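J.: coordinates only, no sequence provided:
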């Protein structure tokens, strides 16, 4: 039953993809209607104007271009033109740094807050105010105070990925079942040992869920931040190609951003499964 | 005072001097000018050779009369050959070209991918930076505000900025007041008013009431020129039309999406809109003011004082590149050099149309205007005064402003003149010139009267 369900789902996916590509292809065919123009004028004009080519690239254009990129992902033509592999590498490195810093701060802090009802109540208003701020709103402030664009980008990743982790850690730690803590107390387990052997494993699934939400947000933000700051990264690539109005490359970048985001999410999903326990 | 004048010569200022002010007499001017002018000299090396040779010549024959007699009797080329027999002219030229070792060799220069930045960009692939002993990385930047912040943060040592930006930054408009300086103007002309194709019958600006226009930045020549143009046709740019600050690449997309009716934008964007069949060229900016500056090469005062030799070498490289770009025969090569994704990232055809001045106008015609964009590095202080008058006119500057002081602090005409002279180019002797914008002449000595003479302006 499950295997046939999987098969059927796969079939539907393929049919949907084919339908999407087909409609895309039809919708972006040349219109064919072109105003008459002299040959020397036509030589100075683009294909959109001379051959009625759609301004939106079709799936075949995108496929050809994608193949071109995949064949040489690591070329380096100078500071403003690098291969997609290098650009993705820069973005992932930035996300990784900002995210790890956030993990290092959010989890211990969340632990402390979660274990102390007083701190939890006292800090709650601040967290609630800071949490919904769009990460890009931090950008001008970061650029102004840090005075370095790449550190600013990392800071923005840090500040936006810290909140889901912090809140989930606080929640996970605070909602560990009272019975377990009471059992630990009766057995006279020390505070530190209690934190590591009872609370941490119990709260781990919630914490990991927070981390999973955070990596998603971090990946969303890096693209926007790099478009703003420029220099390197997949966001810069999108901006650079947008500058040249090359929609083909923009679509390729969108596709890759989606794939990398999915991979990052899957990695954390696997970790979550590792720490989940049946109750 | 020219670098080559002898400061111990008691006669120097007593005689009338020559028309360019660099020589002690008219005869000497005539003697030196073929070697000092940039145009008839083919290459850089030749130009430097000329400067060095004339300096040596003058040192050997301090008396004008004696030198002239010598030159007359043997001829200039024989004299030069004789001179190089016992004076190592070649070595002297090399030493001269490499004056003052730069304090900092690895520099970062930011640019916005438009053809205004041509000299800054082309200096990298065509080797102008390395010729002046620098290792410069030119970094593409997302927008004017970002380039401003990155230059202020010292991530860039120098940057491509819109000509009014260094004035605005120095005055603290839209940013903290930080003293900036402009050693060179990048380009003159080279902008245009593009309208959506559906407006091809509305060529009279009087019909433009209620339309939406895009400009690249508030502190830009584009903003001032468009406002000037509209106001001259009786439209108040603040109330009759909508002006929006839009990053250049988004202008074409917005024009296609019908969000705006037109724009006054830097080039390759104008031509790109035509190339993609979404707009037509209504007017080249040179028709508003022929020879107007657009973008500048700017650096903070701090960089100039901490690394004066690097700054001088950088300015020399830019001036050199600008001189190269000003020649029509080099333009095709430049278009190819700056088109790749590492630099402007645009189709070569578009850049060629902008730089060579033979372009499709978007209405089915091919037009030719060799001066569509031109390059002239000299930072006229009168340009700065004009921009300040427009900032005042449109309410960006509130209260009084000392036009002349600001212009002289930011636009480094004196330093650039000295460098250009050293390089064997002939800069103008004055930093002020009057010019006409849409037929109305501008007198840089009476900026306040100029502002007051406009009927349409923001009440301040």
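T.: Here it is on my side, so go on. Fair warning: this is a prediction, and the values are worked out from it, not measured in the lab.
J.: now do the SS call for the closest residue to residue B:203 other than its chain neighbours.
T.: When the adjacent residues along the chain are set aside, residue B:203 lies closest to residue B:282, with 6.7 Å between them (CB to CB, 6 or more residues apart in numbering or on different chains). (C-beta placed from N, C-alpha, C; glycine too.) When classified by DSSP: H, G, I helix; E, B strand; the rest coil, residue B:282 comes out as strand.
J.: what pLDDT does residue B:282 get?
T.: pLDDT recorded at residue B:282 is 93.
J.: okay, now it: neighbour count?
T.: When counting by other CB atoms under 10 Å in any protein chain shown, one arrives at 23 neighbours for residue B:282.
J.: pretty sure it contacts residue B:194?
T.: Yes - contact between residue B:282 and residue B:194 holds when scored by CB atoms under 8 Å: they sit 6.5 Å apart.
J.: coming back round to it: the residue nearest to residue B:203 and chain A, how far apart?
T.: With distances taken as CB to the nearest CB, to the nearest Å, residue B:282 is found 18 Å from chain A.
J.: so what's that residue up against?
T.: Neighbour list for residue B:282: B:192-195, B:203, B:262 [criterion: CB atoms under 8 Å, 6 or more residues apart in numbering or on different chains].
J.: for residue B:272, see how far away residue A:45 is.
T.: Distance, residue A:45 to residue B:272, by CB to CB, to the nearest Å: 11 Å.
J.: neighbour count: these two, which is higher?
T.: Neighbours per residue, other CB under 10 Å: of residue A:45 and residue B:272, the larger number sits with residue B:272, 27 against 21.
J.: does the host helix or strand of the more buried one reach chain A?
T.: Take DSSP states H and E as the rule and residue B:272 turns out to sit in helix B:269-275. Yes - contact between helix B:269-275 and chain A is present through B:272, B:274-275 (criterion: CB under 8 Å from any CB of the partner chain).
J.: contacts for that helix?
T.: By CB under 8 Å, 6+ apart, the list of residues contacting helix B:269-275 from outside reads A:44-46, A:49, A:245, B:114, B:191-192, B:194, B:248-249, B:251-252, B:255, B:263, B:279-281, B:346-347, B:349-350, B:353-354, B:359-362.
J.: ChimeraX command for the buried members of the contacts of residue B:282?
T.: Buried members of the contacts of residue B:282, identified by 16 or more other CB atoms under 10 Å in any protein chain shown, are gathered into one ChimeraX selection as follows:
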select /B:192,193,194,195,262
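J.: got the residues of the stretch 301-450 of chain B near chain A?
T.: Where the stretch 301-450 of chain B comes near chain A, counting by CB under 8 Å from any CB, the residues are B:340-343, B:345-347, B:349, B:353, B:358-360, B:364-366.
J.: got the contact list for the least confident helix or strand in chain A by mean pLDDT?
T.: The helix or strand of chain A with the lowest confidence, counting by mean pLDDT, DSSP states H and E, is helix A:47-50 at a mean of 73. The contact list for helix A:47-50, computed with CB under 8 Å, 6+ apart, reads A:34, A:37, A:42, A:53-55, B:275-277.
J.: one more pass at 6 Å, please.
T.: Contacting residues not belonging to helix A:47-50 are listed as A:42, A:53, A:55, B:276-277 [CB atoms under 6 Å, 6 or more residues apart in numbering or on different chains].
J.: which among the residues of the stretch 301-450 of chain B next to chain A end up buried?
T.: Among those, those classed as buried by neighbour count (16+ other CB under 10 Å) are B:340-343, B:345-347, B:349, B:353, B:358-360.
J.: residue B:136 looks like it's in a helix, true?
T.: No - secondary structure assignment places residue B:136 outside any helix; it is strand (three-state DSSP).
J.: okay, and the beta partners of it?
T.: On the basis of DSSP bridges, residue B:136 is bridged to residue B:107.
J.: and residue B:118, what does it touch?
T.: The neighbourhood of residue B:118, defined by CB under 6 Å, 6+ apart, consists of residue B:325.
J.: from chain A, how far out is it?
T.: Using CB to the nearest CB, which is the criterion applied here, residue B:118 is 15 Å from chain A.
J.: any idea which element that residue lies in?
T.: Assigned by DSSP H and E, residue B:118 belongs to helix B:118-122.
J.: okay, the residue in the stretch 151-300 of chain B that chain A sits nearest to: pLDDT?
T.: Ranking the residues of the stretch 151-300 of chain B by distance to chain A (CB to the nearest CB) places residue B:277 first, at 3.2 Å. Per-residue confidence at residue B:277 stands at 87 (pLDDT).
J.: what's around it, how many residues?
T.: Neighbouring residues of residue B:277 were enumerated by other CB under 10 Å; the total is 22.
J.: same question, residue B:240
T.: Neighbour count of residue B:240, defined by other CB under 10 Å: 16.
J.: element containing it?
T.: Using DSSP H and E, residue B:240 maps to neither a helix nor a strand.
J.: what residues are up against it?
T.: Residues touching residue B:240, when contacts are defined by CB under 6 Å, 6+ apart, comprise residue B:209.
J.: just the pLDDT for it.
T.: 91.
J.: return the distance of it relative to residue B:212.
T.: With distances defined as CB to CB, the gap from residue B:240 to residue B:212 amounts to 11 Å.
J.: which residues sit against stretch B:431-440?
T.: B:232, B:288-289, B:381-382, B:413, B:441-444.
J.: same question but for stretch A:225-234, I mixed them up
T.: For stretch A:225-234, the external contacting residues (CB under 6 Å, 6+ apart) are A:87-88, A:90-91, A:139, A:149, A:153, A:156, A:235-236, A:239, A:253, B:141-142.
J.: in chain B, where is pLDDT below threshold?
T.: Filtered on pLDDT under 70, chain B yields the residue ranges B:1-72, B:74-77, B:79-99, B:175, B:459-460.
J.: and residue A:50, how many residues sit next to it?
T.: For residue A:50, the tally of surrounding residues (other CB under 10 Å) stands at 18.
J.: looking at it, residue B:138 is touching residue B:108, isn't it?
T.: No - between residue B:138 and residue B:108 there is no contact, the gap being 8.0 Å when judged by CB atoms under 6 Å.
J.: so which of those two has more stuff around it?
T.: Between residue B:138 and residue B:108, counting by other CB under 10 Å, residue B:138 is the more crowded of the two (27 against 17).
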